[in-house]
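Undergrad: Can you look at this prediction? I've put the sequence above it.
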Amino acid sequence: MKILYVITKGEEGGAQSVVSDLIHAHARRGDQVLLMTDKEGWLSKNVRGQYVEVVFSRFFSNTLNPITQLEAIFDVREIVKQFQPDVVSTHSFAGGITGRWGSIGLAPSVHTLHGVSFTDGTPLWRKIISIVVEGFSGLVSKRMIAVSENDRKTVVRYLPFFSHKVVTIYNGVALPPVVEKKLSEKIRLVFVGRMEAPKNPFVLIRALSRLSEDVQKKFSLTFIGDGSYGLRVKQMSSLLIPFVETEYLGLVSRDKVESTLEQKDVLVFTSYWEGFPIAILEAMARGLVVISSNVGGISEMLDAKNGILLSKENEEQSLADALTVYATNPLLVFEQGKESRKKVEERFVLSVMTQKTFDVIDSIVAQKDHD
């Protein structure tokens, strides 16, 4: 089988991790893969190999400029004509536009929604534009993959005429070796994510500031990620939570993120909107408790057994209360951390995600051959 993967950005990220895992799985079964992305980066370096080639388009971007998007569509169309794939697999919002319209009439396409761009919590202007664009682009998709039930239901709610096209396939992660965690002097918190919207690291800082000096001293906090919020995060932390031992790692490699997670106890994930974050699954696989905003499909991976979903009405106070629970009962961290690992083993294993995705792709190829 020949398959073309289209994703706008090749930088390190959750969607790129999924694409990387899928491409490696294709290569293992002997499929011929061509990846099309914006430029040399983490993804292209990670997948290039015996069965995988990479091409770039300088017009790939998240801009709403119609001229740039048309140029990107034309680039995709030329590659599809040259490569002649059996299926085009598109990822990310912009990648879904260029990949699907660029392949129309030449090859069937399947689009993976890594978080619905018009999900609850997104700005109204973005939601309206996204519904219109996805409505038209969905017309030329053979199938659409939602990474959570929440995302599938969101698509069906706003675009009910696509209900027969959308299937849920949960993201999956590879299982690392079990690391036995030991009780330390402090409960080790970690926040992972780009310091930009939709992430909201400030609610964590303000929640910690509500705790007494003695309780703050029971925590250490590590921020991983960079972005425009970076300086403000440091300033607020220094001013509001002086008794919390805090470090800022900035942008680090995937290996560094994984090794850091293994040394932590609790992932705090606060965000205005999300799809089905890989960061949470990777933390759960390493035995971390998760405290998270109740947005997107996060409630499908997190419950009272392995963490705490924050109240939507007063997220800041809810987070302060959650931190207090763990400060007064640190053994609960270890009990729930084991449940996190167990949940990944039962529901979110990489091999399951890969096989279900292959089933969708293979069915498209079989239908194409039959037609």
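TA: Thanks, I have the structure now. Numbers count the residues shown, from 1 in each chain.

Undergrad: Quick one: the strands in the stretch 101-250 of the chain, in order.
TA: Under the criterion DSSP state E, counting those that start in this stretch, the stretch 101-250 of the chain contains strands at 109-113, 143-146, 166-168, 187-192, 219-224, 245-250.

Undergrad: pLDDT weak spots in this protein?
TA: 369-371 (pLDDT under 70).

Undergrad: contacting residues around residue 31?
TA: Residues in contact with residue 31 (CB atoms under 8 Å, 6 or more residues apart in numbering) are 1-3, 51. Yep, even glycine has a C-beta here, placed from its N, CA and C like the rest.

Undergrad: please redo it, this time with the cut-off set to 6 Å
TA: Residues in contact with residue 31 (CB atoms under 6 Å, 6 or more residues apart in numbering) are 1, 3.

Undergrad: Just want the phi and psi numbers for it.
TA: phi -70, psi 150 (degrees, to the nearest 10).

Undergrad: Residue 212 is nearest to which of the strands of the stretch 101-250 of the chain?
TA: Residue 212 lies closest to strand 219-224 among these, at 11.8 Å (CB to CB).

Undergrad: before we move on, the earlier item: could you say which of the strands of the stretch 101-250 of the chain is packed most deeply?
TA: Highest mean neighbour count among these (mean count of other CB atoms under 10 Å): strand 109-113, with a mean of 26.

Undergrad: which outside residues touch that one?
TA: So strand 109-113 is contacted by 88-91, 96, 100, 103, 141-146, 151 (CB under 6 Å, 6+ apart).

Undergrad: ok, of the residues you listed, which one's closest to residue 23?
TA: The nearest one, if we look at the contacts of strand 109-113 relative to residue 23 and count by CB to CB, is residue 89, at 9.3 Å.

Undergrad: How about the secondary structure of the closest one?
TA: Of the three states, residue 89 takes strand under DSSP: H, G, I helix; E, B strand; the rest coil.

Undergrad: What segments of the chain are helices?
TA: 14-28, 42-47, 66-83, 93-103, 124-138, 149-158, 202-209, 213-216, 230-240, 254-262, 278-285, 315-328, 331-347, 350-370 (DSSP state H).

Undergrad: As JSON lines, those helices with mean neighbour count and distance to residue 191 would be great.
TA: Shown next, in JSON lines, are the helices of the chain (neighbours: other CB atoms under 10 Å; distance: least, CB to CB, whole Å):
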{"stretch": "helix 14-28", "mean neighbour count": "21", "distance to residue 191": "15"}
{"stretch": "helix 42-47", "mean neighbour count": "20", "distance to residue 191": "21"}
{"stretch": "helix 66-83", "mean neighbour count": "17", "distance to residue 191": "34"}
{"stretch": "helix 93-103", "mean neighbour count": "26", "distance to residue 191": "25"}
{"stretch": "helix 124-138", "mean neighbour count": "15", "distance to residue 191": "24"}
{"stretch": "helix 149-158", "mean neighbour count": "19", "distance to residue 191": "22"}
{"stretch": "helix 202-209", "mean neighbour count": "22", "distance to residue 191": "6"}
{"stretch": "helix 213-216", "mean neighbour count": "14", "distance to residue 191": "16"}
{"stretch": "helix 230-240", "mean neighbour count": "15", "distance to residue 191": "9"}
{"stretch": "helix 254-262", "mean neighbour count": "15", "distance to residue 191": "11"}
{"stretch": "helix 278-285", "mean neighbour count": "25", "distance to residue 191": "10"}
{"stretch": "helix 315-328", "mean neighbour count": "18", "distance to residue 191": "11"}
{"stretch": "helix 331-347", "mean neighbour count": "17", "distance to residue 191": "16"}
{"stretch": "helix 350-370", "mean neighbour count": "15", "distance to residue 191": "24"}
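
Undergrad: Using a markdown table, lay out these together with distance to residue 309.
TA: Below are the helices of the chain laid out as a markdown table (distance: least, CB to CB, whole Å):
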| stretch | distance to residue 309 |
| --- | --- |
| helix 14-28 | 20 |
| helix 42-47 | 31 |
| helix 66-83 | 37 |
| helix 93-103 | 26 |
| helix 124-138 | 23 |
| helix 149-158 | 13 |
| helix 202-209 | 14 |
| helix 213-216 | 21 |
| helix 230-240 | 23 |
| helix 254-262 | 20 |
| helix 278-285 | 11 |
| helix 315-328 | 9 |
| helix 331-347 | 13 |
| helix 350-370 | 23 |
